[in-house]
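Asks: I need the structure of the sequence given here:
(2 chains)
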There are 2 protein chains.
Amino acid sequence: MAESNRQILLKARPSGRPGPEHFELVERPLPEPGRGEVLLRHRVLSLDPYMRGRMDDAASYAKPVALGEVMEGECVAEVLASHHPGYAPGDWVRGARGWQTHSAAHGSTLVKLPSTGGVPPSAYLGVLGMPGTTAWVGVTEIGRPKPGEVFVVSAASGAVGSVAGQIAKKLGCRVIGIAGGPEKCRYVTEELGFDACLDHRGDLGAALDEACPEGIDVYFENVGGAVQEAVFPRMRSFGRIAFCGTVATYNVRPLPPGPNLGALVKKKLRLQGFIVSDHPQAWVEWQRIGGAWVAEGSLRWREDRAKGLENAPEAFIGLLEGKNFGKLVVEI
Amino acid sequence: MAESNRQILLKARPSGRPGPEHFELVERPLPEPGRGEVLLRHRVLSLDPYMRGRMDDAASYAKPVALGEVMEGECVAEVLASHHPGYAPGDWVRGARGWQTHSAAHGSTLVKLPSTGGVPPSAYLGVLGMPGTTAWVGVTEIGRPKPGEVFVVSAASGAVGSVAGQIAKKLGCRVIGIAGGPEKCRYVTEELGFDACLDHRGDLGAALDEACPEGIDVYFENVGGAVQEAVFPRMRSFGRIAFCGTVATYNVRPLPPGPNLGALVKKKLRLQGFIVSDHPQAWVEWQRIGGAWVAEGSLRWREDRAKGLENAPEAFIGLLEGKNFGKLVVEI
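Replies: Model (predicted):
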């Protein structure tokens, strides 16, 4: 094969907003798959807000990407050659193989994608991948809404928020999304079937007062910042906030303060952060339950596709600013 | 009887620190017990930080005290006369009878105190009353520490904190108290048996780093403010904060901001507020379990006694500033 492996490396650590200067595109020889390994041609790369945290040199739930290393990320890929009995050329797999066109990976680190069901492979990066499973954990294990409760989710048209709200609808909640701009809001109500969607570019506090005058029982937090400020004082007694992410402040240093927490006592609130990787059983559940919903067409999703590995940095920078509309992936 | 009923009324609402001008001592005729009621001579009144919230005209988990009404509070009292088959003169009871010397109360609103066991009646306002039960709920239902974990509690010499830390010790935790001044800290380690006690008047952050370099698994929050600021960034992954109260900011308006909550995701933290009255079964549990510990002498407590109903306002104002040493009560 004459092909080479193209990679995007972390070149420098941003202190706030990342720019093209923090990434570097390099060309390397194709890797040689070793014993038990397969050679992969990456087809679609997932871009997700958590990757911003990996660019910092700070302790978190996962190690930072080292300078000069390939940026981390999940992709779906085609097997080109296999030294592992579980895989054959032409198989499709999902794996955390990074921002590159090829890689050699041990078979045990990959998940083979089902070849039936009419689900496109990239769905396993979104609605049936990490973001969908994250929504499943955040709703069913952390927020735990009851039928009839008011469920609010921010970044409602995004990869996680769109699924979280649809799960809450299936659980019998009144579901209110928060999104940026009329187009996304229309999509959230008309396509996803939420009861309402509020534009955070307007007066969100007033809009919340109108949409849920009785207050909020469960808030699925994806953004932080000004949206959190508007939602927090409107939580009802015994309310729960599932902290999935706070993308609005990923590029902000120093971090702005949060709400005074005295309200936790007065309202008996529960605030809980979570990371999907701590809930391995949820992956199994979600493949089964979410997979059936996707197959029957009762769970909707939308993809925002950038084309070409070289455009991944720009697409990722836009993701942190809410420029994507649906699950952001890169066609490689 | 020539006696009259002396009462302390809420005269005005403080905007920050309460002063004597917000209370009024009045003399009223003794109440006449009606059908099913008993006439009570209050003996000991409990003073607790939550009463500050009742002085504000703001929505909370309980209604505010109305202007001109008797201040709310639990007391232990002796039955002087009874129109209820469950009570006889000379019985001791506990009830939410307010800041006054006498009251008439329906028998169904009172709890009769056991006459055996050698436990003084005022213990049912503290270690075996609302504060002790609060500690039991906060540790066993909210914070849920595991053996070997690091448990930190603020206001560690106080009515709730002293019990919370002792429960956590019995659960096998390493328990670190935070208190104000060397005398309280000495009491917490020498009398209560905590593993360490840190003076929040010093450099608390540095003291925490030394006392628990590995971080904090469970924090029992009684004070908020600067103590919370020092504890929050030192929480470990999967840490829990049981929010019992934030007395340091009860007199502060506007409320200061809190920590940025992005750490909830990174560390998978759970922050949860609670009010003991939402946990009725805990009262039953704690009477049995805490009662046995008190009887066998394995649970220590300390009372700070003011004398005379007329001194209740001053004692209460001091409580909000940490001037008490142990459970604050007023001998009437």
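
Asks: what is the burial count for residue A:113?
Replies: Neighbourhood size, residue A:113 [other Cβ atoms under 10 Å in any protein chain shown]: 18. In this view, the C-beta of every residue, glycine as well, is placed from N, C-alpha and C.

Asks: which residues of chain A lie near chain B?
Replies: A:53, A:60-61, A:224, A:228, A:237, A:243-246, A:249, A:255-275, A:278 (Cβ under 8 Å from any Cβ of the partner chain).

Asks: which of the residues you listed are buried?
Replies: Among the residues of chain A next to chain B, those classed as buried by 16 or more other Cβ atoms under 10 Å in any protein chain shown are A:53, A:60, A:224, A:228, A:237, A:243-246, A:249, A:256, A:258-275.

Asks: my guess is residue A:331 contacts residue A:307. True?
Replies: Yes: look at residue A:331 against residue A:307 with Cβ atoms under 8 Å: they come within range, at 4.9 Å.

Asks: more crowded one of the two?
Replies: The residue with more neighbours, out of residue A:331 and residue A:307, is residue A:331; 14 against 10, by other Cβ under 10 Å.

Asks: for the stretch 101-250 of chain A, which spans come out with low pLDDT?
Replies: Residue ranges of the stretch 101-250 of chain A with pLDDT under 70: A:116.

Asks: from the chain's centre, how far out does stretch A:64-80 sit?
Replies: With Cα atoms, centre = their mean, to the nearest Å as the basis, stretch A:64-80 stands 16 Å off its chain's centre.

Asks: so what's residue A:131 closest to, chain neighbours aside?
Replies: Nearest residue to residue A:131 in three dimensions, chain neighbours excluded: residue A:159, at 3.6 Å (Cβ to Cβ, 6 or more residues apart in numbering or on different chains).

Asks: which ones are touching the one you found?
Replies: Going by Cβ atoms under 8 Å, 6 or more residues apart in numbering or on different chains, residue A:159 touches A:48, A:126-127, A:131-132, A:301, A:326-328.

Asks: same question for residue A:257.
Replies: Counting by Cβ under 8 Å, 6+ apart, residue A:257 has contacts B:257-260.

Asks: same question, residue A:175
Replies: A:151-153, A:165, A:168-169, A:194-195.

Asks: now intersect those residues with the strands, please.
Replies: A:151-153 (DSSP state E).

Asks: of these - the most surrounded one?
Replies: The most crowded member of the ones in strands among the contacts of residue A:175, judged by other Cβ under 10 Å, is residue A:153 (35 neighbours).

Asks: list the contacts of it.
Replies: A:161, A:164-165, A:168, A:175-178, A:219-220, A:222.

Asks: let me know the closest of those to chain B.
Replies: Nearest to chain B among these is residue A:222, at 9.9 Å by Cβ to the nearest Cβ.

Asks: my read is that that closest one contacts residue A:161, right?
Replies: Yes: with contacts counted by Cβ under 8 Å, residue A:222 reaches residue A:161, the gap being 5.4 Å.

Asks: state the mean pLDDT of stretch A:52-60.
Replies: Stretch A:52-60 shows a mean pLDDT of 88.

Asks: one more: stretch A:275-286?
Replies: Averaged over stretch A:275-286, pLDDT sits at 96.

Asks: in stretch A:173-187, what's buried?
Replies: A:173-180, A:184-185, A:187.

Asks: got the CA coordinates for it in CSV?
Replies: The C-alpha trace of stretch A:173-187 is given here as CSV (Å, rounded to 0.1, in the frame of the first residue of the first chain):
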residue,chain,number,x,y,z
CYS,A,173,-41.7,13.7,31.9
ARG,A,174,-42.6,17.1,30.6
VAL,A,175,-39.4,17.9,28.8
ILE,A,176,-38.1,21.3,28.1
GLY,A,177,-34.9,21.8,26.0
ILE,A,178,-32.6,24.8,26.0
ALA,A,179,-30.7,25.4,22.8
GLY,A,180,-29.0,28.3,20.8
GLY,A,181,-31.2,29.8,18.1
PRO,A,182,-34.6,29.3,16.6
GLU,A,183,-33.5,26.6,14.1
LYS,A,184,-32.2,24.3,16.8
CYS,A,185,-35.2,25.0,19.0
ARG,A,186,-37.6,24.2,16.2
TYR,A,187,-35.7,20.9,15.6
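
Asks: ok so, going back, just the buried residues of stretch A:173-187 now: which is nearest residue A:114?
Replies: residue A:187 (27.8 Å; Cβ to Cβ).

Asks: sec struct for the closest residue to that closest one other than its chain neighbours, please.
Replies: Counting by Cβ to Cβ, 6+ apart, residue A:157 is the residue found nearest to residue A:187 once chain neighbours are left out, at 5.5 Å. Residue A:157 carries the three-state label coil when classified by DSSP: H, G, I helix; E, B strand; the rest coil.

Asks: how about residue A:157, what does it touch?
Replies: A:177, A:179, A:184-185, A:187-188, A:192, A:302, A:325-326.

Asks: show me the strands in the stretch 151-300 of chain A, by range?
Replies: For the stretch 151-300 of chain A, applying DSSP state E, counting those that start in this stretch gives strands covering A:174-179, A:196-199, A:216-221, A:235-243, A:270-273.

Asks: give the pairing partners of the second one; include direction for each.
Replies: This points to strand A:196-199. Strand pairing for strand A:196-199, using DSSP bridges, gives strand A:174-179 (parallel).

Asks: show me what contacts the residue of the stretch 51-200 of chain A found nearest chain B?
Replies: Closest approach between the stretch 51-200 of chain A and chain B, counting by Cβ to the nearest Cβ: residue A:60, at 4.7 Å. Counting by Cβ under 8 Å, 6+ apart, residue A:60 touches A:53, B:266.

Asks: over to residue A:174?
Replies: Here residue A:174 is in contact with A:148-151, A:195, A:212 (criterion: Cβ under 8 Å, 6+ apart).

Asks: out of those, which end up buried?
Replies: Among the contacts of residue A:174, those classed as buried by 16+ other Cβ under 10 Å are A:149-151, A:195, A:212.

Asks: look up how far residue A:313 lies from the closest residue to residue A:121 other than its chain neighbours.
Replies: In space, and not counting its chain neighbours, residue A:121 is closest to residue A:76: 4.3 Å by Cβ to Cβ, 6+ apart. Separation of residue A:76 from residue A:313 (Cβ to Cβ, to the nearest Å) stands at 20 Å.

Asks: try residue A:219
Replies: 32 Å.

Asks: between the two, who's got more neighbours?
Replies: Higher neighbour count among residue A:219 and residue A:313: residue A:219, with 27 against 24, using other Cβ under 10 Å.

Asks: test my guess that that one contacts residue A:230.
Replies: No: using Cβ under 8 Å, residue A:219 is not in contact with residue A:230; the gap is 10.4 Å.

Asks: dump the residue contacts of the residue nearest to the spatial centre of chain A.
Replies: In chain A, the residue lying closest to the centroid (Cα atoms, centre = their mean) is residue A:131, at 4.0 Å. Taking Cβ under 8 Å, 6+ apart, we find residue A:131 in contact with A:48, A:125, A:158-160, A:163, A:327.

Asks: fine, thanks again, bye for now.
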